[in-house]
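In: curious how this folds, go ahead:
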Amino acid sequence: MISKRLLLKFRIYPERDRFRYYTVFVFDSRRAMYTFFREQVDILNKDGSRQCDEECDFAALATTWTHFHINADGSEVEDKRDIGQIIMHRNRVRIGVVSHEMTHAALFWADREGLDPHEVMGDSRDHQGAHERFCYAQGELVRQFWLRWMHYLDKEKRT
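Out: Next up is the predicted model:
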């Protein structure tokens, strides 16, 4: 059912080593994006509580999580590669929205990497390493998103 509403799904990586990634979902409409979000929340909220019935009002959403695999012996192992997702809909694929959500994703990633927020947000002359690493990651996420989106649009025009 989601496949008819889903225009594009791909991974983006904050760093070129391609270890950690976000999965990006772009839907054909706001309603489809909200439906996808509600379906995920319903799965997560085992107590039956609902989110996003009345209060859904976002153009896009970056989320982070810790993903675990269950081994045959029942033990949990953290998958450190899958660190979250970004969802949006076609009508809000705009420079500001994409940059905004990729900044959220970069902040989540920086926290996961253990980068000191004072160094990330501090004077770049004093903390070149963390500051530049964060800025590079945010730029990589934005760059990869636009490359994939433009490729999708080119392909769509040809069909």
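In: the longest helix seen in the chain: which residues count as buried?
Out: Ranked by number of residues, the top helix in the chain under DSSP state H is helix 128-158. If you call a residue buried by 16 or more other CB atoms under 10 Å, then helix 128-158 has these buried ones: 130-131, 133-134, 137-138, 140-142, 144-145, 148-149, 152. Quick note: C-beta positions are derived from backbone N, CA and C, even for glycine.
In: which of those residues sits closest to W109?
Out: Nearest to W109 among the buried residues of helix 128-158 is A137, at 5.8 Å by CB to CB.
In: can you read off the pLDDT for the spatially closest residue to that closest one that is not a sequence neighbour?
Out: Nearest residue to A137, sequence neighbours excluded (CB to CB, 6 or more residues apart in numbering): P14, at 3.8 Å. With respect to pLDDT, P14 scores 95.
In: try the one 10 residues further on
Out: The predicted local confidence for V24 comes out at a pLDDT of 97.
In: what's the burial count for it?
Out: A count of neighbours around V24, defined by other CB atoms under 10 Å, yields 25.
In: would you confirm that it contacts W146?
Out: No: assessed by CB atoms under 8 Å, V24 is found out of contact with W146, at 11.2 Å.
In: now the closest residue in space to Q138 that isn't next to it in sequence. Its backbone dihedrals?
Out: Spatial nearest neighbour of Q138, chain neighbours left out: A106 (3.8 Å); criterion: CB to CB, 6+ apart. A106 has phi and psi values of phi -70, psi -40 when expressed as degrees, to the nearest 10.
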